[in-house]
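Asker: Sequence first, predicted model second:
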Amino acid sequence: MAPKFFVGGNWKMNGTLASGKELLSTLTSAKLDPNVEVVVAPPALHLLGAQQALQGSNIAVAGQNAYHKASGAFTGEISVSQLQDAKIPWVILGHSERRTLFGESDEAVADKTAAALSHSLRVILCVGETLEERESNKTMDVVVRQLEAVRKQVPEDWSKIVVAYEPVWAIGTGKVATPEQAEEVHAAIYKWAQEKLPKGQAEELRVIYGGSVAGKNCKELASKPSILGFLVGGASLKPEFVDICNAKL
Ligand SMILES: O=C[C@H](O)COP(=O)(O)O
């Protein structure tokens with residue numbers, strides 16, 4: 001059976017308690033494709049409220065980041081064990097904004113991923129190249145390097161990982177990768193997974209696309225065979241997120 005199409009909404013550092021509540025009520029009252037798994041990632045401060053507002057719905061919540069140490073003097077951080085304790089099922093790790101603005105290395109992302117999995121969290125693992133890397137034909141070198149750093153620490157079980165391919169040049173720019181550009185990288189990630197992950201896991205893996213996904217481009221992207229979902233930023237704050245969740249209908 002093909003894995004379920006996955007749509008994540010990454011709210012980033014946006015919104016108020018009131019706007020978040022309104023957005024969630026739009027989502028819970030909308031008719032969403034039952035064959036799609038929907039996860040929203042509000043800012044940390046809003047996570048528990050969102051989780052409560054989503055009770056009884058099929059929409060789950062995700063943290064936008066987490067630290068791999070269980071506890072201690074790490075001001076400003078939230079740990080994977082605290083997410084687990086609060087029954088937050090998902091966490092986004094390795095987002096390019098974390099990598100570029102907050103200096104997270106491939107190894108740090110791998111540490112976090114391994115720790116998150118060992119605390120029973122599901123992980124949306126982001127990978128992707130910058131414009132400069134794409135223009136110097138290094139897209140797959142970068143993506144494979146990022147994936148391999150994680151595989152080194154998580155050699156066996158990727159069943160709780162969703163890989164989000166997010167070309168940095170397409171994030172928040174309105175410059176979406178063409179369906180062909182995205183498909184090419186997704187297919188190469190699946191090839192990597194076939195070769196490097198234990199038998200049977202590539203078939204279960206979901207590789208989703210992120211970068212300026214919107215109501216107007218989601219259907220064409222979703223029609224590509226290797227695009228098994230989206231990680232949506234800006235448009236996840238708008239009612240059009242419902243259309244994106246329903247891209248396969
Ligand atoms: O996590 C989501 C990505 O950064 C995409 O953001 P965007 O849809 O605003 O381009």
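Answerer: Everything's here; your move.

Asker: going forward, measure contacts and count neighbours with C-alpha atoms only.
Answerer: Noted.

Asker: ok so G76 is a helix residue?
Answerer: No: under DSSP: H, G, I helix; E, B strand; the rest coil, G76 sits outside any helix and is assigned coil.

Asker: what's the average pLDDT for the helix ranked longest in the chain?
Answerer: If you go by DSSP state H, the chain has its longest helix at helix 179-196. Helix 179-196 shows a mean pLDDT of 98.

Asker: That one - contacts with which helices or strands?
Answerer: helix 139-153, helix 201-204, strand 206-210 (3 or more Cα pairs under 8 Å, 6 or more residues apart in numbering; DSSP states H and E).

Asker: which outside residues touch the second one?
Answerer: Outside of helix 201-204, the residues within contact range by Cα atoms under 8 Å, 6 or more residues apart in numbering are A2, P3, D157, W158, S159, Y190, A193, Q194.

Asker: And the buried ones among those residues, selectable in ChimeraX?
Answerer: To isolate in ChimeraX the members of these that are buried, counting by 16 or more other Cα atoms under 10 Å, one can use:
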select :158,190,193,194
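
Asker: Using the three-state scheme, assign A2.
Answerer: coil.

Asker: got a pLDDT number for it?
Answerer: 83.

Asker: Tell me how far it lies from the ligand.
Answerer: Distance of A2 to the ligand, computed by Cα to the nearest ligand atom, to the nearest Å: 24 Å.

Asker: same thing with N14?
Answerer: 11 Å.

Asker: Next, count neighbours for that residue.
Answerer: Residues contacting N14 under the criterion other Cα atoms under 10 Å number 12.

Asker: just checking, it touches P43?
Answerer: Yes: here N14 reaches P43: they are 7.2 Å apart, a contact under Cα atoms under 8 Å.

Asker: about what we covered before: which single one of the contacts of helix 201-204 is nearest to E132?
Answerer: For these, the residue nearest E132 by Cα to Cα is Y190; the value is 23.7 Å.

Asker: how many neighbours does E132 have?
Answerer: 12.

Asker: Could I get the contacting residues of W158?
Answerer: Neighbour list for W158: L197, Q201, L205 [criterion: Cα under 8 Å, 6+ apart].

Asker: Now render these as JSON lines, adding neighbour count and distance to the ligand.
Answerer: Below are the contacts of W158 laid out as JSON lines (neighbours: other Cα atoms under 10 Å; distance: Cα to the nearest ligand atom, whole Å):
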{"residue": "L197", "neighbour count": "19", "distance to the ligand": "25"}
{"residue": "Q201", "neighbour count": "17", "distance to the ligand": "24"}
{"residue": "L205", "neighbour count": "23", "distance to the ligand": "19"}
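
Asker: Alright, that wraps it up for me.
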